[in-house]
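1. got a predicted structure plus its sequence, pasted below:
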Amino acid sequence: MANSLTSQQLKTKGKVLLVGCGELGIQTAGLLQADHYEAVGARRTIQSLPESIAALSIDITQPASLAVLSEQQWDAVIVTLTADSFTADAYRRTYIEGLHHVLQSLSRPLSAQAVSPLVLFASSTSVYGQTDGSSVDESSVTVPTSFSGQTMLEAEALIEQYSGPASSIRFGGIYGRGKSRLVSRLEAGEICPREPAMISNRIHIDDCCRIFMHLLWRYQAGQPLESIYLAVDSQPTPLYEVMQWLANKNRISLASLRQGAASGRGGNKRCLNHRLLDSGFSLQYPSFKEGFSDE
């Protein structure tokens, strides 16, 4: 462990492991620590983790390196993985093979009395194959056409098979705390086509972190968790409208922009967040306008 824990830190509400622990995990760790949880970040390269986060060096593709996970008792494990590249092989190594190794390690309790920790897995709305602008929720059919969506759906199946409590959170496009790729595209002189309209779904990174906290609190309060949550803001919007609004906000003339290729990775669907909101969660950024206003 890279950073030692003080006796004061050990007097916490619980011990939470963050596997992957990139930007999303790091920001979630900050919320955990502010609420008196012990947060431990586990990733391959730990040098970029803040000093305040206790760190474990692991490689999820190497099962031997994960033995350390079963040597400690965790109250919850938040899994936010990132593939090395946007390829089918890289996705499979990370989200299938790597996730399988992690879940195997967590399923080896320290003692017969030990309880398997809660697992919260960051999935994606790419599991939906709808491209006709229709509305989808957690009960909608999932027939993804992309390798990424197919892999994430298979990863969710692994989470379903986990021996302890678990939820998969299907995040929309995550943005915030840094220059948006949409703004970069506008600054490069390009905007997406107005027609046909492509409905886009997104969520601010701060709300992503707060969702993890919300589900952890519910679990620790003895309230039931669903196996799947759709995590998007409350305003699915045509991508052209989002870019048009951003152009105006950044004083970029629409007349100066050329029409670029449509972005197909997000599909064309309206993702509904009713289950999440009905569980008591309140969005800090209910639409892209609130989220991008802080940028």
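-> Done, it's in. Residues are numbered from 1 along each chain as shown.
2. can you tell me the closest non-neighbouring residue to the spatially most central residue of the chain?
-> Nearest residue to the geometric centre of the chain (CA atoms, centre = their mean): residue 122, 3.8 Å. Residue nearest to residue 122 in three dimensions, not counting chain neighbours: residue 80, with 4.5 Å by CB to CB, 6 or more residues apart in numbering. For the C-beta atoms, the positions are set from N, CA and C on the backbone; glycine is no exception.
3. which stretches of the stretch 1-150 of the chain have low pLDDT?
-> 1-11, 109-113 (pLDDT under 70).
4. please enumerate the strands of it.
-> For the stretch 1-150 of the chain, applying DSSP state E, counting those that start in this stretch gives strands covering 15-19, 38-43, 54-57, 76-79, 118-124, 135-136.
5. name all residues that make contact with residue 138.
-> Going by CB atoms under 8 Å, 6 or more residues apart in numbering, residue 138 touches 170, 226, 228, 229, 230, 275.
6. now it, nearest residue through space, not along the chain?
-> Once flanking residues are discounted, residue 138 sits nearest to residue 228: 4.5 Å by CB to CB, 6+ apart.
7. and the nearest residue in space to residue 165 that is not next to it in sequence, what is it in contact with?
-> Once flanking residues are discounted, residue 165 sits nearest to residue 118: 4.8 Å by CB to CB, 6+ apart. The contact partners of residue 118, taken as CB under 8 Å, 6+ apart, are 75, 76, 77, 164, 165, 166, 216, 219, 225.
8. and which of the residues you listed is nearest residue 153?
-> Of all the contacts of residue 118, residue 166 has the smallest distance to residue 153: 15.2 Å, by CB to CB.
9. where does the residue lying farthest from the centre of the chain land on pLDDT?
-> Computed with CA atoms, centre = their mean, the residue of the chain farthest from its C-alpha average is residue 255, at 35.8 Å. Residue 255 is assigned a predicted lDDT (pLDDT) of 95.
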